[in-house]
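Undergrad: make a model of this:
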Amino acid sequence: MKKLLLFIVLLSLSTAVGAQTTGDSTDVFFRHLKLNELVVSGLTGVTRLREAPAPISVITGRELRSTAATNIVDAVAHEPGVSQITTGSGISKPVIRGLGYNRMVTVVGGVRQEGQQWGDEHGIEVDAEGVESVEILKGPASLMYGSDAMAGVLILRDAPIVPEGELHGDVSTQYQTNNGLFDYSLRFGGNQKGFVWNARFTDKRAHAYKNKVDGYVPGSQFHERAGQLMLGVNRQWGHSHLSWNVYHQVPSIVEGERDELTGALLPATVGSAGVSPATDNVKTYDETLPFQHVRHYKAVWDQALNLGPGQLKAVVGYQQNQRQEYEESADDYELYFRLHTLTYDLRYLLSELPGWKLNAGAGGMWQRSENLGEEFLIPAYRLLDMGLYVTATRQLEMLTLSGGIRGDRRHLNSFALEDDGDERFAAFSRNFNGLTGSIGAVYSLGETMNVRLNVARGFRAPNMSELGSNGVHEGTLRYEIGNSQLKAEHSLQADLGADWSSPFVSAQVALFVNRISNFIFAHRTNEVMEEGLRTYRYTQGDARLMGFEASVDMHPVHRLHIGSTFSMVDARQLHQPLETRYLPLTPPARWTADVKYELTHSGHTLNNAYVAVGMECCLRQNHYYMADDTETATPSYTLLNMTAGTDVLVGHRKIAELYITVSNLTNRAYQSHLSRLKYCDVNPVTGRQGISNMGRNIILKLVVPIRL
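TA: Have a look, this model is predicted:
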């Protein structure tokens with residue numbers, strides 16, 4: 001109740017425009033009304049945003065380009081209800097309403113991204129420059145995506161097909177002062193007589209980041225390279241597109257070891273040549289030991305046929321994820337996971353019945369994971385998913401009803417392994433079944449207000465890390481032990497929301513409560529399985545998460561935009577004492593506020609120019625898993641940011657977009673509650689545990705469009 005009262009006070013005093021709205025100035029007063037007309041994926045197939053019963057956020061390409069970020073998850077984590085688990089500046093994992101890892105699905109190129117997302121230091125293998133827009137579905141989406149979509153879905157969309165007869169492309173680059181991040185990206189696509197194509201290449205490099213209490217953080221550098229090619233045809237009968245994606249990333253691993261006398265972070269080992277002085281290697285763009293080498297390959301075939309009153313759509317994808325970890329030598333890996341994934345989705349969309357949209361289909365996944373290294377963390381396994389679903393939407397005069405039902409079955413087979421004559425992993429097989437569904441309604445009170453209600457049931461089978469891990473997880477500095485008897489998680493969530501818009505003010509609020517049975521999490525034990533490392537075991541219990549997101553945007557005078565957002569989640573394990581009451585990795589309540597002023601609307605040289613100041617305040621997190629020192633409380637902190645951007649014109653033609661952003665303007669030293677580096681070694685001089693997040697960072701970004 002105290003947090004709710006605080007939110008009401010803050011909302012009434014807020015002065016911002018949420019999440020750096022940087023779209024074109026034309027018709028900007030009606031931006032929210034236009035967003036309501038956007039077509040999104042929704043939970044029951046393609047629908048208009050205003051007709052979606054569950055909360056959906058949309059981030060445009062221009063908003064992404066104007067946001068200070070080192071990766072794509074960093075760019076979307078500013079949205080209400082969305083946060084990130086971080087390991088330095090190169091690795092981020094998305095969290096929706098307090099749930100992450102395998103409790104949410106990331107969709108890229110029309111298929112779910114499968115890249116061993118169970119690991120703390122395993123990021124998403126996605127080229128941020130190749131993402132044109134983002135949809136964030138909050139709440140159980142198992143109806144459309146099967147197991148793992150309990151928290152929601154993060155949909156990353158590629159650049160759209162260019163219009164018939166045109167050739168489009170762009171060249172972009174950016175530089176960040178804090179970690180020396182430099183990248184460039186080239187894209188070119190076309191559409192000639194229905195033959196379509198799109199190609200992109202990106203290269204990105206960053207050295208160690210710094211903050212004012214730790215200095216440079218050895219091992220936080222990374223470099224990545226990505227390529228994409230899409231070829232296809234668009235015809236009256238439908239379309240057929242084939243795309244290939246290649247992604248390579250080499251992130252070093254932060255160990256956080258300190259000098260016992262000075263408290264300074266010890267320099268990292270460069271390759272096999274030994275330890276170099278800190279001044280020599282903190283700004284290196286090359287990997288330092290330990291490090292990972294991640295390769296992700298993906299091919300997707302997207303086929304659509306217009307048949308009768310509807311459309312038959314098939315999407316088949318193959319992915320191969322390779323993850324190697326190098327600890328003692330840059331020439332020999334210790335851990336090597338190779339994951340093969342085949343996904344399929346076949347559906348028929350019936351959309352020509354008056355007032356009805358029907359959608360029925362089948363979807364599933366086959367996986368094969370291999371251990372090819374000398375050290376082991378999880379056993380090799382084989383997985384098979386199968387699911388059938390049907391959804392329906394009924395459009396009435398002022399009311400939109402939607403819902404559906406889905407049945408899933410997962411078969412998991414783990415393979416035995418002996419290590420030096422001892423049994424490291426025992427063979428076992430498990431079957432998990434899930435029956436999920438949702439029902440929702442949207443009631444329109446005229447053109448300015450909508451009220452939404454949705455109830456959904458989610459399902460998640462435990463992953464192999466939770467079931468079978470037994471080894472040192474190098475990136476997390478801990479020894480992990482799984483539990484092969486874990487049960488599947490089931491959730492029941494209710495969402496209630498409303499949005500109101502006018503030419504000068506728009507506001508949204510969404511409340512939710514989520515009850516999860518058999519919630520799985522890792523907790524610290526007093527066992528010593530490996531000297532110098534904490535031991536964690538997986539267990540489960542019943543959990544309840546509840547919270548809300550709210551935002552307001554105001555345009556009181558021409559060119560001035562003010563607004564604010566507030567989000568919070570209370571996540572706790574039921575029927576537990578204080579030490580084990582709150583779930584691990586629960587993000588704190590967060591308030592953002594921004595003010596934006598548009599300098600020009602239709603200039604001859606500079607167009608859509610603006611300046612903006614913003615604030616992000618994360619409140620103190622006192623709700624944490626206390627048992628066995630698994631977590632600690634996190635103090636509150638406030639970050640200030642500044643942004644400026646403009647289109648550059650020559651002869652009334654846009655030749656470039658230019659953005660300048662300063663994040664953490666005051667160079668505040670802080671630790672995110674969801675940062676893995678928060679639990680690194682204690683500084684013996686200051687008594688401060690862990691490593692702080694990035695300090696002040698100035699970002700310059702240039703985008704040059706190509707039109708032929």
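
Undergrad: give the pairing partners of the helix or strand harbouring Phe188; include direction for each.
TA: Taking DSSP states H and E as the definition, one finds Phe188 inside strand 182-192. For strand 182-192, the paired strands and their directions (DSSP bridges) are strand 167-176 (antiparallel), strand 195-206 (antiparallel).

Undergrad: pLDDT of it, averaged?
TA: With pLDDT averaged residue by residue, strand 182-192 scores 95.

Undergrad: and Ala75, backbone torsions?
TA: phi -70, psi -30 (degrees, to the nearest 10).

Undergrad: identify the residues contacting it.
TA: Each residue near Ala75 by C-beta atoms under 8 Å, 6 or more residues apart in numbering is listed here: 59, 64, 67, 69, 128, 134. From N, CA and C alone the C-beta is placed, and that goes for glycine too.

Undergrad: can you tell me which of those residues are in helices?
TA: Leu64 (DSSP state H).

Undergrad: going along the chain, name the helices of the stretch 451-600 of the chain.
TA: Remark: helices of the stretch 451-600 of the chain, listed N- to C-terminal, are 464-468; assignment by DSSP state H, counting those that start in this stretch.

Undergrad: report how many residues lie close to the nearest residue to Met546 once chain neighbours are set aside.
TA: Counting by C-beta to C-beta, 6 or more residues apart in numbering, Val513 is the residue found nearest to Met546 once chain neighbours are left out, at 4.2 Å. Residues lying near Val513 (other C-beta atoms under 10 Å) number 15.

Undergrad: Val513 and Val569, how far apart?
TA: The spacing between Val513 and Val569, counted by C-beta to C-beta, to the nearest Å, is 10 Å.

Undergrad: what touches both of those two?
TA: Common neighbours of Val513 and Val569 are listed as 545-546 (criterion: C-beta under 8 Å, 6+ apart).

Undergrad: and the nearest residue to Thr638 once chain neighbours are set aside, what is it in contact with?
TA: For Thr638, ignoring the flanking residues on the chain, the nearest one in space by C-beta to C-beta, 6+ apart is Cys617 at 4.5 Å. Listed by C-beta under 8 Å, 6+ apart, the contact set of Cys617 reads 590-593, 636-639.

Undergrad: report the beta-bridge partners for Cys617.
TA: Listed by DSSP bridges, the beta-bridge partners for Cys617 are Trp591, Thr638.

Undergrad: so where is the stretch 351-500 of the chain shaky, pLDDT-wise?
TA: Residues of the stretch 351-500 of the chain meeting the criterion pLDDT under 70: 474-476.

Undergrad: so where do the strands sit in it?
TA: All strands of the stretch 351-500 of the chain, identified by DSSP state E, counting those that start in this stretch, fall at 356-371, 381-395, 399-414, 417-419, 422-425, 428-445, 449-460, 470-473, 478-481, 489-501.

Undergrad: quick revisit: looking at the contacts of Ala75, which are in strands?
TA: With strands identified by DSSP state E, the entries of the contacts of Ala75 that belong to them are 59, 134.

Undergrad: could the contacts of Ala75 go into a markdown table alongside distance to Gly687 and neighbour count?
TA: Written out in a markdown table, the entries for the contacts of Ala75 read as follows (distance: C-beta to C-beta, whole Å; neighbours: other C-beta atoms under 10 Å):
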| residue | distance to Gly687 | neighbour count |
| --- | --- | --- |
| Ile59 | 40 | 22 |
| Leu64 | 40 | 21 |
| Thr67 | 35 | 23 |
| Ala69 | 32 | 21 |
| Ala128 | 37 | 23 |
| Val134 | 41 | 21 |
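
Undergrad: now the contacts of Ala75 as a markdown table including pLDDT and distance to Glu631?
TA: Formatted as a markdown table, the entries for these read as follows, by pLDDT from 0 to 100; distance: C-beta to C-beta, whole Å:
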| residue | pLDDT | distance to Glu631 |
| --- | --- | --- |
| Ile59 | 90 | 30 |
| Leu64 | 89 | 31 |
| Thr67 | 87 | 29 |
| Ala69 | 86 | 26 |
| Ala128 | 91 | 29 |
| Val134 | 92 | 29 |
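
Undergrad: for the closest residue to Asn234 other than its chain neighbours, what are its contacts?
TA: Nearest in space to Asn234, with sequence neighbours left out and distances taken as C-beta to C-beta, 6+ apart, is Gly194 at 4.9 Å. Taking C-beta under 8 Å, 6+ apart, we find Gly194 in contact with 164, 233-235.

Undergrad: same thing but at 6 Å, please
TA: Contacts for Gly194 (C-beta atoms under 6 Å, 6 or more residues apart in numbering) come out as 233-235.

Undergrad: any idea how far it is from Gly232?
TA: Using C-beta to C-beta, Gly194 is found at 9 Å from Gly232.

Undergrad: thinking again about what came up before, tell me which residues of the strand holding Phe188 come out buried.
TA: For strand 182-192, a neighbour-count test (16 or more other C-beta atoms under 10 Å) marks 182-183, 185-191 as buried.

Undergrad: what residue is smack in the middle of the protein?
TA: Within the chain, one residue has its C-alpha closest to the average C-alpha position: by C-alpha atoms, centre = their mean, that is Pro94, at 3.3 Å.

Undergrad: what about the residue lying farthest from the centre of the chain, distance to Gly471?
TA: Each residue of the chain has a distance to the centre, and by C-alpha atoms, centre = their mean the biggest one is for Gly421: 41.2 Å. Distance, Gly421 to Gly471, using C-beta to C-beta: 17 Å.

Undergrad: again with Gln367
TA: Between Gln367 and Gly471 the distance is 20 Å, computed by C-beta to C-beta.

Undergrad: go on, Asp542?
TA: 29 Å.

Undergrad: the more surrounded of those two?
TA: Neighbours per residue, other C-beta under 10 Å: of Asp542 and Gly471, the larger number sits with Gly471, 20 against 14.

Undergrad: chain neighbours aside, what residue packs nearest to the more buried one?
TA: Closest residue in space to Gly471, ignoring its immediate chain neighbours: Leu377 at 4.1 Å, by C-beta to C-beta, 6+ apart.

Undergrad: what number of residues lie near that neighbour?
TA: Per other C-beta under 10 Å, the neighbour tally for Leu377 reads 25.

Undergrad: picking that back up, a markdown table for the strands paired with strand 182-192, including mean pLDDT and mean neighbour count?
TA: Rendered in a markdown table, the data for the strands paired with strand 182-192 read as follows (pLDDT from 0 to 100; neighbours: other C-beta atoms under 10 Å):
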| stretch | mean pLDDT | mean neighbour count |
| --- | --- | --- |
| strand 167-176 | 95 | 18 |
| strand 195-206 | 96 | 19 |
